[in-house]
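Undergrad: I need the structure of the sequence given here:
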Amino acid sequence: MKGPIRSSKGRDFLLTPQNILLTAQMDSTPQSEEDSQMIFNVEILGEGKRVLQPTAESDPKLQELKTFLVDWINFELKHEHIVVKSLDEDLFDGLILHHLLPIHSKDLLATLHLLIALAQHFRPDLPLPPNVSVEVVVMEPTKSGMKTGKAIECLTGSREEEATPKKDVFDQLFQLSPDKINDVKQAILNFVNKQLVNLSLTVTDLESQFADGVILLLLIGQVEGYFIPLSTFFLCPQSMEDRLHNVTLALDLLMEAGMLQQPMDPSEIVNQDLKITLRVLYTLFLKHKNSPKPS
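TA: The predicted structure follows:
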């Protein structure tokens, strides 16, 4: 899991698209959209606390969502031999959540929001049950005592909303800080050439040299530590079909390794789309940036 982005003020930090965006926006953008939304929510809720209405727990859609999230947690933690049966009983002490995120809560509503956010962030392709809303009790302390009220809180949106592509850090980089793109390209270029040194290969142009998939496949095999049989791809691709075959194979390998969260269109790399090429190479960079130079 990716950790939070911290300020670089007073110390050096790894060159990443996130950090470049953060540096570029510190002087020009007062607050991000998420920060503004967070402040808005805090101002609206004040000191109020929300808990599930007891009758809401019998809602079939809520039950379906809870079952879905339990199955997702058990799938993610299968390798640790951890089995969750109940969200409100098994997650309250934080021991289970410790394996997903270091946070503690015994609030089922907050737990649901947390798990939905985790699932959507780390597995945006997961088909969460849509249109789940619950009735909540809003409790807010006042000078005259505790004030209570009821409200409807949305947990998941519609399928159409979930299907809308969300902008990632590279979309933001190209939109907000195009002057920083070369810094990201150079960082990834340095990583690529360091990994390919034993193959006597040098990359100088990311878009064109990765467009036929050959160097991408060799790079994947090099950093992942396995040999890709030459019979499975075209070492000297001659046609668009050959290049598409190579790039498709490379993307399939990255998907199987869990480095890509959702499928990508191989034709975009073949057509030398810089943003897509950077996005793919960055997945390898994130996983192997601290790996020693191949011997």
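
Undergrad: So, low pLDDT: which residues of the protein?
TA: For the chain, the stretches flagged by pLDDT under 70 are 1-51, 92, 94, 97-102, 104-106, 159-168, 291-295.

Undergrad: Now do the helices in it.
TA: Counting by DSSP state H, the chain has helices at residues 17-28, 33-45, 60-76, 87-90, 97-100, 108-122, 159-163, 169-176, 181-196, 206-209, 214-224, 240-256, 266-270, 274-288.

Undergrad: And those helices: which comes nearest Thr148?
TA: Checking the helices of the chain against Thr148 by Cβ to Cβ gives helix 33-45 as the closest, at 13.7 Å. The way it works is simple: take the backbone N, C-alpha and C, and place the C-beta from them, glycine included.

Undergrad: mind checking how far the residue nearest to Leu254 when sequence neighbours are not counted is from Asp252?
TA: Closest residue to Leu254 apart from its sequence neighbours, by Cβ to Cβ, 6 or more residues apart in numbering: Leu260 at 4.6 Å. If you measure Leu260 against Asp252 using Cβ to Cβ, to the nearest Å, the figure is 9 Å.

Undergrad: Comparing these two, which shows the higher neighbour count?
TA: Shown here are Leu260 and Asp252; by other Cβ atoms under 10 Å, Leu260 has more neighbours (16 against 13).

Undergrad: so the more buried one sits right up against Tyr282, yeah?
TA: No - counting by Cβ atoms under 8 Å, Leu260 stays clear of Tyr282, with 10.7 Å between them.

Undergrad: just to revisit the earlier point, export the helices of the chain to JSON lines and tack on distance to Glu153?
TA: Formatted as JSON lines, these follow (distance: least, Cβ to Cβ, whole Å):
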{"stretch": "helix 17-28", "distance to Glu153": "30"}
{"stretch": "helix 33-45", "distance to Glu153": "11"}
{"stretch": "helix 60-76", "distance to Glu153": "11"}
{"stretch": "helix 87-90", "distance to Glu153": "16"}
{"stretch": "helix 97-100", "distance to Glu153": "21"}
{"stretch": "helix 108-122", "distance to Glu153": "7"}
{"stretch": "helix 159-163", "distance to Glu153": "16"}
{"stretch": "helix 169-176", "distance to Glu153": "29"}
{"stretch": "helix 181-196", "distance to Glu153": "39"}
{"stretch": "helix 206-209", "distance to Glu153": "45"}
{"stretch": "helix 214-224", "distance to Glu153": "43"}
{"stretch": "helix 240-256", "distance to Glu153": "35"}
{"stretch": "helix 266-270", "distance to Glu153": "38"}
{"stretch": "helix 274-288", "distance to Glu153": "34"}
